[in-house]
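S.K.: Coordinates for the following, if possible.
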Amino acid sequence: MPKTAGDAAATDTAVYAAQDAAVIVAGGRGRRLGTPAGGKAAVPLGGVTLLERTLSVVTEVVPRVVVVAADGQQLPRVARSTTARVEVVVDSQADAGPLAAIADGLRQLADVAQPQRTLLLACDMPLLKPAVLRQLLAACRPVSADAGGQVSWVVPVVKGVPQVLCSALAGANASMTEVVEAMLASGRRDLRGLLERVSWRSLTETDLQQADPQLDSFRDIDTAEDLVTIQSMTRSADLTFSPLVERLLAAPDGMPRLPELGPGRPVESHRQALADLTVEQLFEGCAVRDASAARCCLAGLWLWNNFLDESHHISQAIKTADGSYWHGIMHRREPDPGNAKYWFRLVGHHPVFAPLAAAAVELAGDTDFAGASDSWSPAAFIDWSSSVAEGSTDEQKAREIAALEWRLLFAHCQRHASGGEV
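M.R.: Numbering: from 1, shown residues only. Below you'll find the model as predicted:
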C-alpha cells in the first residue's frame, strides 16, 4: 500500500489551512472478535463495515480525514466523498498500537496543512453522533499562534474512563507528536501515559448528554458480545418514522413515551388526528402497493394511543399474518390472554420474531422473563407481561420490549405497504 492513497483528488494546501480534520485509528486486528480479515475496521454491522460507518459520520463534520491502517491491512473500500478528502497512511511501527497511529495521523495532516482542530477517533464506535463531534470541536478552543507550542486537548470522561480515541485537540500538533514519539521510545504504548504527559480538560457525562442523552456514541466493539448488543441497538435506532408518526407516538407534550401493557387511558389529544388520518396522508409521497399492510399501520397507531376498540375494528378485518399480529397485541392488552394466544397462533412465525428475540435478551436484563432467548415466544411474553408488578423494574423492561415489538411490526408493515419505498 502506498504511503498515501486518497479517494479525493489532491487539493492545494491553502484549501485545508486552518480547517478542522480527523485521525481515525483503524489498524486494530480485533483479536477478541476472532481476528477478522481486514481487522476490526472491516467488521460488518447492518451490512456496513465499522470503518464505513465511522467515516460517514466524521465526513459530515470535518473536510479532511486521515485513516491509519496496519501494514498489509486490506481496508474496506471507502466510498467516494464529495465533501471531504480521505487519506490512508500505514502504521510506521508495526504492532505499536493506537499511540503510534495517532502520531502517524498527525504527521500526515501536518505534511499538507496544519489543521485548526483535530479529532482523534477509533473506528469501532458505530453509534457515534455528529453532534458529539461538533461538541468536541466547539469545546476545543484553538491556540493562538504565539502560544509557544501549547496544545489544547479536550477528552470526554465516561463512566470514569477518559475517551482518548474520541477527543479533540487544537494547537501545536507537532508538540503532541513529539510527546508520543518520546513515549514510544521509552517503551510505553498505553494511552493513559499520554494523559499523564499532556495537559487536558474533560467533558463530563452531563456535558456530553446535551448532544447524546444516552451516551451511545461511546459504546465501542471489542468482543462478540459487544457486537451483538450494538446490533440490537442499531436495529432499534433505525426504527424511526416520519415526523407525523413520531408525533403520534409521543406524549401530548411531545416527550417520548412507552406503550402501556394493559388497556391504558386513550390519548384524547391525539384522537382527532387519528380519526382524520388517511392511508394517503400516512404514506404521502409513496404509492401504496399493499392496502392491507397500510391499514395495519393505522391499527397500530390507534393501539399505541390506547384506543383498543378502534384498533380492533381495523385489525379484525385484515386476514393476514400482520393483521393477526396487531389483533393479538390488542387482546394481550385488554387483557384477554387466551384470545391473544389464539391470534398469535394464526400469525405463525413472523419476520419480526428474530430481531425481537435478539433485542429482548438485552432489554430483559436480569428480569425473570424466560421468553428472552434465541427465539421469540409470543405466549411467554403474554404470560410474563401480564404478571409484572405495576411500577416495577420488570414492568419497565416489559414496556421497552413492547415498544420495540411495536416499532419492528410497524416498520415491517410500512415497508410492505409502500413496496420498500419508506
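S.K.: So which residues of the protein form strands?
M.R.: 5-6, 21-25, 44-45, 48-49, 64-69, 85-90, 117-122, 151-158, 161-162, 166-171, 201-203 (DSSP state E).
S.K.: can you redo those as a markdown table with mean pLDDT, mean neighbour count and distance to Ser387?
M.R.: Quick note: C-beta positions are derived from backbone N, CA and C, even for glycine. Converted to a markdown table, the strands of the chain look like this (pLDDT from 0 to 100; neighbours: other Cβ atoms under 10 Å; distance: least, Cβ to Cβ, whole Å):
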| stretch | mean pLDDT | mean neighbour count | distance to Ser387 |
| --- | --- | --- | --- |
| strand 5-6 | 36 | 16 | 59 |
| strand 21-25 | 95 | 28 | 48 |
| strand 44-45 | 78 | 16 | 35 |
| strand 48-49 | 76 | 18 | 40 |
| strand 64-69 | 93 | 26 | 51 |
| strand 85-90 | 90 | 21 | 54 |
| strand 117-122 | 94 | 26 | 43 |
| strand 151-158 | 90 | 20 | 36 |
| strand 161-162 | 94 | 14 | 39 |
| strand 166-171 | 88 | 24 | 42 |
| strand 201-203 | 93 | 17 | 43 |
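S.K.: would you turn those strands into JSON lines with distance to His416?
M.R.: Below are the strands of the chain laid out as JSON lines (distance: least, Cβ to Cβ, whole Å):
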{"stretch": "strand 5-6", "distance to His416": "42"}
{"stretch": "strand 21-25", "distance to His416": "38"}
{"stretch": "strand 44-45", "distance to His416": "25"}
{"stretch": "strand 48-49", "distance to His416": "24"}
{"stretch": "strand 64-69", "distance to His416": "39"}
{"stretch": "strand 85-90", "distance to His416": "37"}
{"stretch": "strand 117-122", "distance to His416": "38"}
{"stretch": "strand 151-158", "distance to His416": "40"}
{"stretch": "strand 161-162", "distance to His416": "44"}
{"stretch": "strand 166-171", "distance to His416": "39"}
{"stretch": "strand 201-203", "distance to His416": "44"}
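S.K.: closest to Ala359 out of those strands?
M.R.: If you check each of these against Ala359 by Cβ to Cβ, strand 44-45 wins as the nearest, at 14.6 Å.
S.K.: what about the closest one, distance to the chain center?
M.R.: 12 Å (Cα atoms, centre = their mean, to the nearest Å).
S.K.: what's the answer for stretch 48-62, then?
M.R.: 12 Å.
S.K.: now swap in stretch 252-267 and tell me
M.R.: Using Cα atoms, centre = their mean, the offset of stretch 252-267 from its chain centre is 25 Å.
S.K.: Would you mark the buried spots in that stretch?
M.R.: 258-259, 261, 266-267 (16 or more other Cβ atoms under 10 Å).
S.K.: Could you do stretch 298-310 as well?
M.R.: 298-308, 310.
S.K.: Which two of these have the greatest separation?
M.R.: Greatest spatial distance among the buried residues of stretch 298-310 (Cβ to Cβ): Leu298 and Asn306, at 15.0 Å.
S.K.: mind listing what the residue lying closest to Leu408 once chain neighbours are set aside touches?
M.R.: Distances taken as Cβ to Cβ, 6 or more residues apart in numbering place Val352 nearest to Leu408, at 4.2 Å, with adjacent residues excluded. Residues in contact with Val352 (Cβ atoms under 8 Å, 6 or more residues apart in numbering) are 405, 408-409, 412.
S.K.: redo that, cut-off 7 Å
M.R.: Listed by Cβ atoms under 7 Å, 6 or more residues apart in numbering, the contact set of Val352 reads 408-409, 412.
S.K.: Over to Phe410?
M.R.: 297, 300 are the contacts of Phe410 under Cβ under 7 Å, 6+ apart.
S.K.: Could you pull out the helices in the stretch 1-150 of the chain for me?
M.R.: 13-16, 50-58, 97-112, 130-139 (DSSP state H, counting those that start in this stretch).
S.K.: Of those, which is nearest Asp190?
M.R.: Among the helices of the stretch 1-150 of the chain, helix 97-112 sits nearest to Asp190 (Cβ to Cβ), with 7.2 Å.
S.K.: next one: the closest one to chain centre, how far?
M.R.: With Cα atoms, centre = their mean, you get 27 Å for helix 97-112.
S.K.: Report the buried residues of it.
M.R.: 97-110, 112.
S.K.: This structure - how does it break down into domains?
M.R.: Following automatic domain parsing, one gets these domains for the chain: 5-222, 239-418.
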